[in-house]
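Participant: quick one: sequence plus predicted model below, questions after.
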Amino acid sequence: METAEKQALEQNMEQTIDIKSYNLAELTAWFQAQGEKAFRAKQVYQWMHQKHVTDFEQMTNLPKELRIRLAKQCTLISLKAVERQIAKDGTRKYLFALSDGNMIESVLMRYRHGNSICISSQAGCRMGCTFCASAIGGLVRNLYPSEMLEQIYRIAQDIGERISHVVVMGTGEPLDNFAHLLKFIELLTDDNGIHMSQRNLTVSTCGIVPRIRELADKKLQITLALSLHASSQEKRQALMPVAKKYHLEEVMDACAYYFAQTGRRMTFEYSLIGGMNDTQEDVRRLTQLLKGKNCHLNLIPINPVRERAYVQSNADVINAFKNRLEKNGINVTIRRELGRDIDGACGQLRQKYAQHEPLDCI
């Protein structure tokens, strides 16, 4: 997208309101301030969050004059799918275009318990984890609540099925976009929208300690997943720059606080990197770190990224790693690998687009 066009879009967003990011009370107050009856707000809210329309003209129970006025005063955020990759196992990866030309990724994963979507919370990421494609190029901007919701709405529309679980674990650090994340959770779980249970929502973080504690104080019933990826402060610091600011001990204390405040079992994500964090010493240190805690350890065979030198641990090492942890009393599973025959790792498809490789538009 040309610079002038981007500037025009940004100016338009400043002059109009992002109506899909309003909760029902905010939307009702706005309609009443415009001299409209309160019930119009609920009509519009349901068109957006239950029927998932992409244009005010589709809101057929509104007067024509109101639809015209809404189109002038409001922005109705809608994402466009630039590419969709479908794996042999049914996993689907989407590349969505934002209104300003930025790209984000989302992934649909099919399980026996239902359809789960992994969504992005930012365009790019500034956390700089050395094994992740999402960090290449840094952070461009935060996503609006509406843009986070739209990933779910568009994928549900594409497959014609209900989405049962959402994981905020795609591109970006959700707790680095904290205010918008909280509004997104409110809208996603609102009974006037798709009314997803908080217990069906997982939010991932690389370990921003003050935000973990602030989220804990909200006493939500979501699952918090910590990107651990190392058994010691030294190794974690080598893999994740955020560890230089927040020591592992400090992060684990914040996770304990989250459990104490919410009663929700913590999940720890651990990407296995060949020769880096998959040794017997790592098993010993992980056992010390997690023993006796009400938590679950999710081992992730790392998805190799072309721009990074890391390799996946071999299958025998992964299974032995898991077995030793289980013998030590750690609740652990190996994450089932989905979408390996497509650009499965976070940020890979977006990075391919940034490098101007050919994409098949849909």
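Facilitator: Sure, I can see it.
Participant: quick one: the strands in the stretch 251-362 of the chain?
Facilitator: 266-272, 295-301, 332-334 (DSSP state E, counting those that start in this stretch).
Participant: distance check, residue 146 against residue 93.
Facilitator: Counting by CB to CB, to the nearest Å, the gap from residue 146 to residue 93 is 22 Å. The way it works is simple: take the backbone N, C-alpha and C, and place the C-beta from them, glycine included.
Participant: again, but for residue 213
Facilitator: Applying CB to CB, the value for residue 213 to residue 93 is 33 Å.
Participant: and the pLDDT for residue 357?
Facilitator: Looking at residue 357, its pLDDT is 50.
Participant: sorry, wrong one. I was asking about residue 354.
Facilitator: 56.
Participant: same question, residue 230
Facilitator: pLDDT, residue 230: 97.
Participant: next, it: phi, psi?
Facilitator: phi -160, psi 150 (degrees, to the nearest 10).
Participant: could you double-check that it sits in contact with residue 207?
Facilitator: No. The criterion here is CB atoms under 8 Å, and residue 230 misses it with residue 207 at 10.8 Å.
Participant: contact partners of the strand or helix carrying residue 155?
Facilitator: Assigned by DSSP states H and E, residue 155 falls within helix 145-159. Residues outside helix 145-159 that contact it (CB atoms under 8 Å, 6 or more residues apart in numbering) are 18, 20-21, 49, 52, 77-79, 81, 84, 92, 94, 96, 98, 104, 106, 108, 115, 117, 119-121, 162-163, 166, 168, 180-181, 183-184, 187-188, 194.
Participant: from the chain's centroid, how far away is it?
Facilitator: Computed by CA atoms, centre = their mean, to the nearest Å, the chain-centroid distance of helix 145-159 equals 12 Å.
Participant: paired strands for the helix or strand following it, with orientation please.
Facilitator: Where DSSP H and E defines the elements, the next helix or strand beyond helix 145-159 is strand 165-168. When sheet partners are counted by DSSP bridges, strand 165-168 sits next to strand 114-119 (parallel), strand 201-205 (parallel).
Participant: show me what counts as buried in the first one.
Facilitator: Looking back up the chat, that one is strand 114-119. Within strand 114-119, the residues that qualify as buried are 115-119, counting by 16 or more other CB atoms under 10 Å.
Participant: how about stretch 310-327?
Facilitator: Neighbour-count burial for stretch 310-327, with 16+ other CB under 10 Å as criterion, is recorded at 310, 312-313, 317-318, 321-322, 324-325.
Participant: could I get the full set of helices for the stretch 51-200 of the chain?
Facilitator: Secondary structure of the stretch 51-200 of the chain, counting by DSSP state H, counting those that start in this stretch: helices at 64-73, 145-159, 178-189.
Participant: out of those helices, which is the most enclosed?
Facilitator: Mean neighbour count (mean count of other CB atoms under 10 Å) peaks for helix 145-159 among those, with a mean of 22.
Participant: helices of the stretch 201-350 of the chain, residue ranges please.
Facilitator: Using DSSP H, counting those that start in this stretch, the helices of the stretch 201-350 of the chain run over 209-217, 233-239, 248-262, 280-290, 315-327, 348-354.
Participant: quick one: closest of those to residue 45.
Facilitator: Shortest distance between residue 45 and those, using CB to CB, is found for helix 209-217: 25.7 Å.
Participant: report the angle between that closest one and strand 266-272.
Facilitator: With axes from the mean of the first three to the mean of the last three CA atoms, to 10 degrees as the basis, helix 209-217 and strand 266-272 are set at 140 degrees to each other.
Participant: now do helix 209-217: which elements does it pack against?
Facilitator: helix 178-189, strand 201-205, helix 248-262 (3 or more CB pairs under 8 Å, 6 or more residues apart in numbering; DSSP states H and E).
Participant: ok, which of those comes nearest residue 236?
Facilitator: Of all these, helix 248-262 comes closest under CB to CB, at 5.6 Å.
Participant: list the buried ones in the closest one?
Facilitator: So, applying 16+ other CB under 10 Å, buried residues of helix 248-262: 248, 251-252, 254-255, 257-259, 262.
Participant: quick check: which helices or strands does that helix pack against?
Facilitator: helix 209-217, strand 223-227, helix 233-239, strand 266-272.
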